[in-house]
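A.B. asks: Pasted the sequence and its predicted model underneath.
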Amino acid sequence: MLLLAISYQNVVPATPNSDRLFDFWTSLLILAMLVVLAVLLLAGQILKRQPESVFDPAIVRTFNKRVSTWLTICVLLVVSLLFNRTVTVVLFGLISLWALREFITMTPTRRGDHGTLAWLIFGFTPLQYVMVAMNLYDFYTIVIPVYASLFIPARIAFTGDHKRFLERSAKIQFGLLICVYALSHTPALLYLELETYDSVTQTKVPWTGKTAGLLFFFIVIVQVSDMLHFVWDRLAGKHVIASAINTTKTWEGVIGSACCTALVGILLQFVTPFTWYGAGFMASIISVMASSGSMTMSAIKRDRGVRDYGTLVQGHAGVLDRIDSVCFAAPIFFHATRFFLNAQ
């Protein structure tokens, strides 16, 4: 039914008021993505039934968790896009709130912080996504990093609680920056008006593709990078980046993932306004930032002495454990795309 709905959007004639988010190539990418994830999930279930002497059960469990979580996220994303961009923005807003809750729960707060946290949950987070939905670029790019960053320490100071003041302020600021500000750049991709390079006339012309394709390009590249990093670490990883932070992340994984992800980006260039080399370059940047996000969040967890941020689903890690790579890669991809191809 989901795929029929996507196809229906492609065949229904466009009306002056329509806001079609899918075209043929975007639908093809979505179909391929869902099929691949379903096949990987099935393969993971088969591997889970194999004797422990054949496959390491811990690796198989980690693999299955990654695939099932990404499949769930992608299905929810497709369903939201079947409605309109606003529903997708709301979906990411809810994910931000959940991730922020996990982050704050992991880092203990004092009574004097509760009022500030209420401002974050009921004020800055909804405001950020309202501004994204209204496409207020000049506002949603500065409100949190400038005004919220100044508001948070001032609000805590007014409570009169000075114990670990700098630590508490920095913790709350970082949580808001990563879980809300950075992640909000993902649905913001849907509102970009872009140009593309015409190789015939050698000039820039308006891009006629759908920004949903650009969004799924980003999501797919993050997924591929995540999986390839996992594979490269297991198959060729020899030089661990920082064993005190993550014992499995290696330099071979970072480099191998970035190179292979660039090739995947070139193959998926057809849903983007990039040239083939531009798509490859952007994919490699996404991969490097995704790896950086994973390492950063691992460092925070080690500092707090926890294994996972939360349990969104029983037996699974928290939502922040699964979107850390998205949070770090989204603002870089968004601003780089807008800088090079913005049509406004």
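C.D. replies: That came through fine.
A.B. asks: need the helices for the stretch 101-250 of the chain, in chain order.
C.D. replies: For the stretch 101-250 of the chain, applying DSSP state H, counting those that start in this stretch gives helices covering 114-119, 125-133, 137-140, 149-157, 165-176, 185-188, 211-236.
A.B. asks: Now render those helices as a markdown table, adding mean neighbour count, mean pLDDT and distance to Leu28.
C.D. replies: C-beta: built from backbone N, CA, C; applies to glycine. Listed next are the helices of the stretch 101-250 of the chain as a markdown table, based on neighbours: other Cβ atoms under 10 Å; pLDDT from 0 to 100; distance: least, Cβ to Cβ, whole Å:
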| stretch | mean neighbour count | mean pLDDT | distance to Leu28 |
| --- | --- | --- | --- |
| helix 114-119 | 15 | 92 | 44 |
| helix 125-133 | 21 | 97 | 27 |
| helix 137-140 | 15 | 95 | 30 |
| helix 149-157 | 17 | 94 | 42 |
| helix 165-176 | 18 | 92 | 37 |
| helix 185-188 | 26 | 96 | 21 |
| helix 211-236 | 22 | 90 | 10 |
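A.B. asks: Distance to Ser199 for these - can I get that in TSV?
C.D. replies: What follows is the helices of the stretch 101-250 of the chain, written out as TSV (distance: least, Cβ to Cβ, whole Å):
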stretch	distance to Ser199
helix 114-119	50
helix 125-133	33
helix 137-140	29
helix 149-157	43
helix 165-176	43
helix 185-188	28
helix 211-236	20
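A.B. asks: Surely Ser68 is in contact with Leu41?
C.D. replies: Yes: counting by Cβ atoms under 8 Å, Leu41 is a contact partner of Ser68 at 6.1 Å.
A.B. asks: Which one of these two is surrounded by more residues?
C.D. replies: Neighbours of Ser68 and Leu41, each counted by other Cβ atoms under 10 Å, are more numerous for Ser68; the result is 19 against 16.
A.B. asks: Report all helices and strands that the host helix or strand of the more buried one contacts.
C.D. replies: Per DSSP states H and E, Ser68 falls inside helix 57-83. Judged by 3 or more Cβ pairs under 8 Å, 6 or more residues apart in numbering; DSSP states H and E, helix 57-83 is in contact with helix 2-11, helix 24-48, helix 85-106, helix 211-236, helix 319-341.
A.B. asks: what comes up buried for that helix?
C.D. replies: 60, 63-71, 73-74, 77-78, 80-82 (16 or more other Cβ atoms under 10 Å).
A.B. asks: Also stretch 250-263?
C.D. replies: Across stretch 250-263, burial judged by 16+ other Cβ under 10 Å covers Thr250, Glu252, Gly253, Val254, Ile255, Gly256, Ser257, Ala258, Cys260, Thr261, Ala262.
A.B. asks: Looking at those residues, which one is closest to Thr88?
C.D. replies: Minimum distance to Thr88 across those is 24.0 Å, recorded for Thr261 (Cβ to Cβ).
A.B. asks: right, and that closest one touches Ile221 too?
C.D. replies: Yes: look at Thr261 against Ile221 with Cβ under 8 Å: they come within range, at 6.1 Å.
A.B. asks: max-length helix in this structure?
C.D. replies: helix 276-304 (DSSP state H).
A.B. asks: Off-centre distance for that one?
C.D. replies: 10 Å (Cα atoms, centre = their mean, to the nearest Å).
A.B. asks: what's the angle between it and helix 165-176?
C.D. replies: Orientation of helix 276-304 against helix 165-176 (axes from the mean of the first three to the mean of the last three Cα atoms, to 10 degrees) gives an angle of 140 degrees.
A.B. asks: ok, back up a step: determine which of the helices and strands packed on helix 57-83 approaches Gly160 most closely.
C.D. replies: Among the helices and strands packed on helix 57-83, the nearest to Gly160 by Cβ to Cβ is helix 85-106 (21.0 Å).
A.B. asks: Other residues contacting the closest one?
C.D. replies: Residues outside helix 85-106 that contact it (Cβ atoms under 8 Å, 6 or more residues apart in numbering): 19, 21, 76-77, 80-81, 117, 120-121, 125-126, 128-129, 132-133, 172, 175-176, 178-180, 183-184, 186-187, 190-191, 300-301, 304, 306, 309-310, 312, 318-320, 323, 327.
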